[in-house]
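Colleague: Mind folding the following:
(one chain, ligands or ions: 2)
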Amino acid sequence: MRCQAYTADGDRCQNKAREGLNYCGKHRYSPEPPQCMAETQDGDQCQNRALEDSNYCGKHQ
Ligand SMILES: [Zn+2]
Ligand SMILES: [Zn+2]
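Modeller: Ligands and ions are numbered 1, 2, ... in the order given. Alright, predicted model coming up:
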């Protein structure tokens, strides 16, 4: 499984996640917020990051 964190450039971290975790050793303690759960009008998932303590970005919540 790939690390679920994002780099500062917005790309998905290329490291392998630690076993039983969603993040690599580097991102384990400071994971980025998850992606917004909203769908665009095209049916794609919103590419914005979700706000802290929310499943949606500022635009969709
Ligand atoms: Zn990582
Ligand atoms: Zn959104």
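Colleague: Going by C-alpha atoms from here, please, whenever you check contacts or count neighbours.
Modeller: Will do.
Colleague: which ones are touching the residue nearest the centre of the chain?
Modeller: For the chain, residue 34 is the residue whose C-alpha lies nearest the centre (CA atoms, centre = their mean; 3.3 Å). Each residue near residue 34 by CA atoms under 8 Å, 6 or more residues apart in numbering is listed here: 49-50, 55.
Colleague: Most neighbours among those, which one?
Modeller: Highest neighbour count within the contacts of residue 34: residue 50, with 22 neighbours (other CA atoms under 10 Å).
Colleague: my guess is residue 51 meets residue 59, correct?
Modeller: No. Between residue 51 and residue 59 there is no contact under CA atoms under 8 Å: 9.9 Å.
Colleague: Between those two, point out the one with more neighbours.
Modeller: With neighbours defined as other CA under 10 Å, residue 51 and residue 59 compare such that residue 51 has more, 16 against 11.
Colleague: Near ligand 2, which residues of this protein? Just list them.
Modeller: With the criterion set to CA under 5 Å from the ion, the chain comes near ligand 2 through 36, 46, 57, 60.
Colleague: Save these as a markdown table, and put in pLDDT too.
Modeller: Shown next, in a markdown table, are the residues of the chain next to ligand 2 (pLDDT from 0 to 100):
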| residue | pLDDT |
| --- | --- |
| 36 | 90 |
| 46 | 92 |
| 57 | 92 |
| 60 | 93 |
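Colleague: can you redo those as a markdown table with neighbour count and secondary structure?
Modeller: As requested, those are arranged in a markdown table below (neighbours: other CA atoms under 10 Å; DSSP: H, G, I helix; E, B strand; the rest coil):
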| residue | neighbour count | secondary structure |
| --- | --- | --- |
| 36 | 21 | coil |
| 46 | 19 | coil |
| 57 | 20 | coil |
| 60 | 14 | coil |
